[in-house]
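Asker: Just the structure for this:
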Amino acid sequence: MVKYDEVALQGWIAELKGDQRPLLSCLSDSWGGGEQLAANDAVELAAAGLPIRFLCVRGSPVFRNLEGRANITLFEFDEAPKGLLDRKFRSDFRSLVISEGVRLVHSHQTSTIPEMAIALSGLDDVGLIASRHVPMNGGTGGLFDRFLFRRVDQFLVNSDSIRRSLIEHKLSSEGRVQVISLGLDFDRLDPERVDPAGMRNDWGADGSTVVIGMVGRLAPSKGQGTFIRSAAALLKEPLPTGVKVKFVLVGEEVIGGGSPYLDELKAMVAQFHLEEHVVFAGFQQDIPAVMSAFDIFVMPARTETMGFLAVEAMAMECPILVSRGGGAAGLFGPDAGFEEFGLLVRPSDAFDLSNQLRWLLNRPDQRLVMGRKAREQARRRYDRRIRVSRTLEAYNKLKRRTTR
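Answerer: Numbers count the residues shown, from 1 in each chain. Predicted coordinates for the structure are as follows:
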């Protein structure tokens, strides 16, 4: 296990200060796991003492989250790059790098790497780091992408499954990919400091109600439809004596905006006559309170997800059900003992999910044990101090290569 070294951390910060301050980037209008991780990393690095410059979309959730934060200077573009033909982005990005004396760019979106690589042409003293938060899918890795991705000096990824996918798609070699585990703030994510009663009351959940929840942007790929269909399948048969259930969906399609997909989901609820059992809770800022109010956390996405929310649920002593083979399951190695704190389900399989939920509903004492073991596992694997330390180490190693 990697250990935290405060002396080494402060030494890396001292070397990176001044003209070597990195420029972090996340040019997204969404607020999902990847955006949260990018913002969290910036906050943690700034809190450790490294002055941070951060490029984001004006008015985006990332911008709003980081605005006014100590030790963070924001730079705003009107929008994300529109593709390789977006000359304005390339010109603006190159001008920002030159005018600010940037020597290290860290992008939290591999989708922007081709445009950044072209913009950085000829600036050989500027290092480029790319974070990848989910495994590559089958539609990427063309010859032109591979050529442009050669400009990336170092990839930072959350799990070994992501590392393997980059190599299999020939976007990186072994030596250019480093696995740095997610990092959590266990003071913020502390079930002893959160009272879930108010939120549960808002959802109509009393002490005998088991709250089954999922969190995420409303989108077909995230699995909310599977979640609702699993509720219908579960409720076709009697529940254990004295048990009631609430299925709670936290999230919006676009924060502050309407959601056509939400209308589809509500129609599905009406079709299955689940109005008394399903709650659409909308966007919630207080994730620790949400996870504390859940009794079971579900992530049924049929596409790869990074699993950041699943790990936050674990930190709040919530057993998890995640898609087999997905990004969340990939965070844990074969020796992690996953069955001690969670269950795996087949992607997009509502009947498998309902069967696993029934298994947990029939075992309330085991659910509590799984919740406690989930937090223990999270604390062992996801220390934010180690994530900060290893990120700074990667920055410093790249700095030395680019300043030779």
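
Asker: how many neighbours does the nearest residue to R387 once chain neighbours are set aside have?
Answerer: With sequence-adjacent residues excluded and distances taken as CB to CB, 6 or more residues apart in numbering, R387 is closest to G183, at 3.0 Å. Backbone N, C-alpha and C define where each C-beta goes, glycine included. As a burial measure, the neighbour count of G183 was computed by other CB atoms under 10 Å and equals 23.

Asker: same deal with the one 5 residues further on?
Answerer: Each residue near R188 was counted by other CB under 10 Å, and the total is 14.

Asker: before we move on, what SS does the residue lying closest to it once chain neighbours are set aside have?
Answerer: Nearest-residue entry for R188: P288, 6.0 Å, with adjacent residues in sequence omitted and distances by CB to CB, 6+ apart. Following DSSP: H, G, I helix; E, B strand; the rest coil, P288 is assigned to helix.

Asker: from here on, count from 37
Answerer: Happy to do that; since the first residue is 37 now, the last one works out to P324.

Asker: quick one: the helices in the stretch 237-386 of the chain?
Answerer: Ranges of helices in the stretch 237-386 of the chain, per DSSP state H, counting those that start in this stretch, are 260-270, 296-307, 323-329, 344-351, 363-366, 386-397.

Asker: The first one vs helix 386-397, what angle?
Answerer: Note on geometry: by axes from the mean of the first three to the mean of the last three CA atoms, to 10 degrees, helix 260-270 and helix 386-397 are set 60 degrees apart in direction.

Asker: Now helix 260-270 - C-alpha only, PDB.
Answerer: The C-alpha coordinates for helix 260-270 follow below in PDB (Å, rounded to 0.1, in the frame of the first residue of the first chain):
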ATOM      1  CA  GLN A 260     -32.400   5.000 -14.500                       C
ATOM      2  CA  GLY A 261     -34.800   3.000 -16.700                       C
ATOM      3  CA  THR A 262     -33.300  -0.200 -15.500                       C
ATOM      4  CA  PHE A 263     -33.700   1.100 -11.900                       C
ATOM      5  CA  ILE A 264     -37.400   1.800 -12.300                       C
ATOM      6  CA  ARG A 265     -38.100  -1.600 -14.100                       C
ATOM      7  CA  SER A 266     -36.300  -3.300 -11.200                       C
ATOM      8  CA  ALA A 267     -38.700  -1.600  -8.800                       C
ATOM      9  CA  ALA A 268     -41.600  -2.900 -10.800                       C
ATOM     10  CA  ALA A 269     -40.200  -6.500 -10.800                       C
ATOM     11  CA  LEU A 270     -39.400  -6.400  -7.100                       C
END
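
Asker: what helices or strands is that helix leaning on?
Answerer: Secondary-structure packing of helix 260-270 (3 or more CB pairs under 8 Å, 6 or more residues apart in numbering; DSSP states H and E): strand 245-251, strand 280-286, helix 296-307, helix 386-397.

Asker: thinking again about what came up before, quick one: contacts for the residue nearest to R423?
Answerer: Under the criterion of CB atoms under 8 Å, 6 or more residues apart in numbering, the neighbours of G219 are 76, 80, 418-424.

Asker: Now with 10 Å, please.
Answerer: Listed by CB atoms under 10 Å, 6 or more residues apart in numbering, the contact partners of G219 are 73, 76-77, 80, 194, 347, 417-427.

Asker: Also I203?
Answerer: Applying CB under 10 Å, 6+ apart as the definition, the contact partners of I203 turn out to be 172, 191, 209-210, 212-213.

Asker: just for the stretch 337-440 of the chain, where's the confidence low?
Answerer: Low-confidence segments of the stretch 337-440 of the chain (pLDDT under 70): 338-342, 361-374, 435-440.

Asker: likewise the stretch 137-286 of the chain?
Answerer: Looking at the stretch 137-286 of the chain by pLDDT under 70, you get 174-177.

Asker: on that earlier part again, got a list of what the residue nearest to R224 touches?
Answerer: With contacts taken as CB under 10 Å, 6+ apart, P324 has the following neighbours: 221, 224-227, 229-230, 232, 348, 351-352.

Asker: What score does it have for pLDDT?
Answerer: Note for P324: predicted pLDDT of 95.

Asker: Any idea what L285 is bridged to?
Answerer: Beta-bridge partners of L285, counted by DSSP bridges, are M250, F316.

Asker: Please apply the same query to L192.
Answerer: S167, Q214.

Asker: Now name the helix or strand holding D77.
Answerer: Taking DSSP states H and E as the criterion, D77 maps to helix 69-83.
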